[in-house]
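>>> Pasting the sequence and the predicted coordinates here, then a few questions.
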Amino acid sequence: MTNYDMVVVGSGAAGLIAAIQSAQNGNTTLLLEKLPQLASKLKATGGGRCNLSNTLETESFMKSFGKNGKFMRDALEVLDYKQLMVFFKNIGVDTHIPDGFRIFPITHNSTTIIDALKNELLKLNVTIQTNQKVEKIIQKENQVVSIKTQNNIYNTNKIILATGGLGYPTLGATGDGYEIVKELGHTITNIYPAMMPLHTLESWQSNCTADTIAKATIKVDSKENKIKKLKATGDLIFTKKGLRGPVILDFAREITPHLDTFKEVPILINLTKGMNEDDILQHIKNKTLKNPQSSIGEQLEKILPISVIKELCNLCQINPSQTFKNVNGISKNKLIKLLAWTPFTINGHDGFDKAMITRGGVSLKEIDPKTMESKIIHGLYFAGEIVDLDGPCGGYNLQWAFSSGFLAGR
């Protein structure tokens with residue numbers, strides 16, 4: 001069969017739900033995937049646990065995506081997190097909200113989600129073709145007429161592109177969808193890797209890789225207006241090259257574009273769960289009153305891992321086995337300041353190799369938010385990461401993929 005009412009390109013979250021919704025509407029539907037199997041990236045989502053969405057209400061959810069977030073309103077109206085849970089319930093997947101915020105399948109296994117979506121595709125007689133790389137969309141007088149893969153041409157007047165971005169190249173992301181739509185006259189914004197570890201100029205943190213810092217707060221230490229207001233809070237992990245953890249993954253979305261311009265971005269990190277200089281000094285005084293002979297290491301071990309205490313003391317030329325009263329005033333002040341705000345200099349990253357998502361994509365100005373249809377080519381629709389929308393960790397991007405795919409398929 002070479003004639004279809006709808007062809008969906010890409011089998012991530014957006015493509016799978018788009019194909020299901022299309023077929024439920026009675027369209028003969030073809031799903032094309034360039035890899036040998038479906039849903040490779042979805043399988044890895046959330047470390048394989050598949051954080052589907054979260055419980056933020058629509059306004060707050062959109063705000064989390066920045067200035068482009070309002071574009072999502074129509075998609076979220078047809079499929080918000082509550083409707084998404086119902087959708088999965090209807091195809092045999094129970095979900096729950098164990099922490100009151102993030103939504104998971106009760107199995108905490110992405111295979112549960114993928115198997116249910118595959119079964120629904122088969123039930124609806126969606127034709128699935130793997131190992132099919134799309135080379136070109138053929139249009140006539142600004143109307144889709146067919147789509148060409150490396151060994152076939154399929155006739156259709158409706159195509160949904162859900163090819164993703166450049167994140168997770170090991171799982172097939174090559175950004176080929178961008179090149180296809182460029183040929184049709186669409187604009188692709190600047191593309192940056194996002195949601196990834198960051199490198200630092202400093203190296204002392206490489207001695208602290210065994211410890212996680214809970215509720216670390218990061219802010220940019222710069223006078224540049226574009227970036228000086230950036231701030232984030234979450235769990236932090238030290239690496240041999242720099243920093244990672246949920247707070248860094250979210251922060252990286254904002255930082256990577258600026259590294260192109262500034263090469264280095266200075267930041268400050270509060271490692272002490274929001275304690276300021278006065279709080280830290282009072283903490284040390286209280287510990288000293290209880291035990292005048294206690295060392296600095298012993299006094300601080302309740303608020304920081306010992307590996308971090310040793311490194312910060314080393315930066316101040318302080319022996320952590322000393323008592324606080326035996327340290328000279330200048331070193332004391334330096335240590336208190338470092339404990340309140342520890343400086344780092346972000347100077348790089350591993351590019352798209354370690355990026356979970358892509359920042360940038362098809363310009364939203366060229367897409368109708370009510371349908372996800374192109375304003376340039378009739379019959380061409382977009383869904384998921386291929387467009388210029390990206391959100392933080394915590395189910396945001398997967399919800400957008402499902403909502404936009406659902407709307408486009410409808």
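Good, I have the coordinates. Numbering: from 1, shown residues only.
>>> Now do the strands in the stretch 101-250 of the chain.
102-105, 127-129, 134-140, 143-149, 153-155, 159-161, 192-194, 198-200, 212-220, 231-238, 242-244 (DSSP state E, counting those that start in this stretch).
>>> and those, which is most packed in?
Stretch with highest mean neighbour count among those: strand 159-161 (a mean of 30; mean count of other CB atoms under 10 Å). Bear in mind the C-beta positions are built from the backbone N, C-alpha and C, glycine included.
>>> just to revisit the earlier point, figure out which of the strands of the stretch 101-250 of the chain is closest to G48.
Across the strands of the stretch 101-250 of the chain, G48 has its closest neighbour in strand 102-105 (11.1 Å, CB to CB).
>>> residues in contact with the closest residue in space to S403 that isn't next to it in sequence?
Of all residues not flanking S403 in the chain, A75 sits nearest, at 4.0 Å (CB to CB, 6 or more residues apart in numbering). Counting by CB atoms under 8 Å, 6 or more residues apart in numbering, A75 makes contact with 369, 372, 400, 403-404, 406-407.
>>> Present the strands of the stretch 101-250 of the chain as TSV; the columns should include distance to S11.
As requested, the strands of the stretch 101-250 of the chain are exported to TSV (distance: least, CB to CB, whole Å):
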stretch	distance to S11
strand 102-105	18
strand 127-129	8
strand 134-140	12
strand 143-149	14
strand 153-155	16
strand 159-161	12
strand 192-194	22
strand 198-200	31
strand 212-220	34
strand 231-238	31
strand 242-244	28
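>>> related to what we said a few turns ago, which helix or strand contains the residue nearest to S403?
In this structure, A75 sits in helix 73-78 according to DSSP states H and E.
>>> next one: that helix to chain centre, how far?
Distance, stretch centre to chain centre, for helix 73-78: 20 Å (CA atoms, centre = their mean, to the nearest Å).
>>> what comes up buried for it?
For helix 73-78, burial by neighbour count (16 or more other CB atoms under 10 Å) applies to 75-76.
>>> Provide a list of residues in contact with M372.
Applying CB under 8 Å, 6+ apart, we find M372 in contact with 75, 160, 381-383, 404, 407-408.
>>> Give me the contacts around the worst-scoring helix or strand of the chain on mean pLDDT.
Least confident helix or strand of the chain, by mean pLDDT, DSSP states H and E, is helix 40-44 with a mean of 89. Residues lying outside helix 40-44 but in contact with it, judged by CB under 8 Å, 6+ apart, are 12-13, 16, 50, 110-111, 113-114, 164, 168, 171-173.
>>> Check which element follows the helix holding A75 along the chain.
Downstream of helix 73-78, the first helix or strand assigned by DSSP H and E is helix 81-90.
>>> thinking again about what came up before, report the buried members of the contacts of helix 40-44.
12-13, 16, 50, 110, 113-114, 164, 168, 172-173.
>>> got CSV for those residues, with distance to I237 too?
Rendered in CSV, the data for the buried ones among the contacts of helix 40-44 read as follows (distance: CB to CB, whole Å):
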residue, distance to I237
G12, 27
A13, 26
L16, 32
C50, 22
S110, 22
I113, 27
I114, 28
G164, 26
Y168, 20
G172, 27
A173, 24
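>>> Next, the buried residues of stretch 294-312.
Under 16+ other CB under 10 Å, the buried positions of stretch 294-312 are 294-300, 303-305, 308-312.
>>> what does stretch 42-58 give?
Buried residues in stretch 42-58, counting neighbours by 16+ other CB under 10 Å, are found at 42-43, 45-46, 50-56.
>>> from those, which is closest to P36?
Nearest to P36 among the buried residues of stretch 42-58, with distances taken as CB to CB, is K43, at 13.1 Å.
>>> ok, the closest one to T358 distance?
From K43 over to T358 the distance is 18 Å, taken as CB to CB, to the nearest Å.
>>> Same check on G167?
With CB to CB as the criterion, G167 and T358 are 5 Å apart.
>>> go on, P369?
According to CB to CB, P369 stands 20 Å off from T358.
>>> who has more neighbours, the two?
T358 (25 against 15; other CB atoms under 10 Å).
>>> so the more buried one bridges to which residues?
Counting by DSSP bridges, T358 is bridged to P193.
>>> That one and G384 touch, don't they?
No - with contacts counted by CB atoms under 8 Å, T358 stays clear of G384, the gap being 10.4 Å.
>>> shared neighbours of these two, anything?
If you check T358 and G384 against CB under 8 Å, 6+ apart, the residues they both contact are G164.
>>> Run through the stretch 201-350 of the chain and note the low-pLDDT ranges.
Applying pLDDT under 70 to the stretch 201-350 of the chain flags the ranges 225.
>>> what about the helices in it?
Applying DSSP state H, counting those that start in this stretch to the stretch 201-350 of the chain gives helices spanning 246-262, 277-290, 296-300, 306-315, 329-340.
>>> quick one: which of those helices is nearest D94?
D94 sits nearest to helix 246-262 of all those, at 25.8 Å, using CB to CB.
>>> which residues touch the closest one?
Applying CB under 8 Å, 6+ apart, the external contacts of helix 246-262 come out as 190, 192-198, 216, 218, 222, 224, 226-227, 230, 232-237, 265, 346-349, 356-357, 359, 390, 392-393.
>>> and the nearest residue to T163 once chain neighbours are set aside, what is it in contact with?
Once flanking residues are discounted, T163 sits nearest to G177: 3.1 Å by CB to CB, 6+ apart. Applying CB under 8 Å, 6+ apart to G177 gives the contacts 9-10, 161, 163-164, 386.
>>> Looking at those residues, spot the one nearest Q143.
Lowest distance from Q143 to these (CB to CB) belongs to L161, with 15.6 Å.
>>> How much space separates the nearest residue to P343 once chain neighbours are set aside from D353?
Leaving aside its chain neighbours, P343 sits nearest to L268 (5.7 Å; criterion: CB to CB, 6+ apart). Distance of L268 to D353, given as CB to CB: 28 Å.
>>> cool, T342 as well?
Applying CB to CB, the value for T342 to D353 is 28 Å.
>>> Look at these two and report which has more neighbours.
T342 (23 against 13).
>>> Run through the bridge partners of that one.
Bridge pairing for T342 - DSSP bridges - gives I269.
>>> Touching, it and L268? I think so.
Yes - if you go by CB under 8 Å, T342 and L268 touch, sitting 6.8 Å apart.
>>> wait, isn't I159 in contact with V144?
Yes - applying CB under 8 Å, one finds I159 in contact with V144, separated by 5.3 Å.
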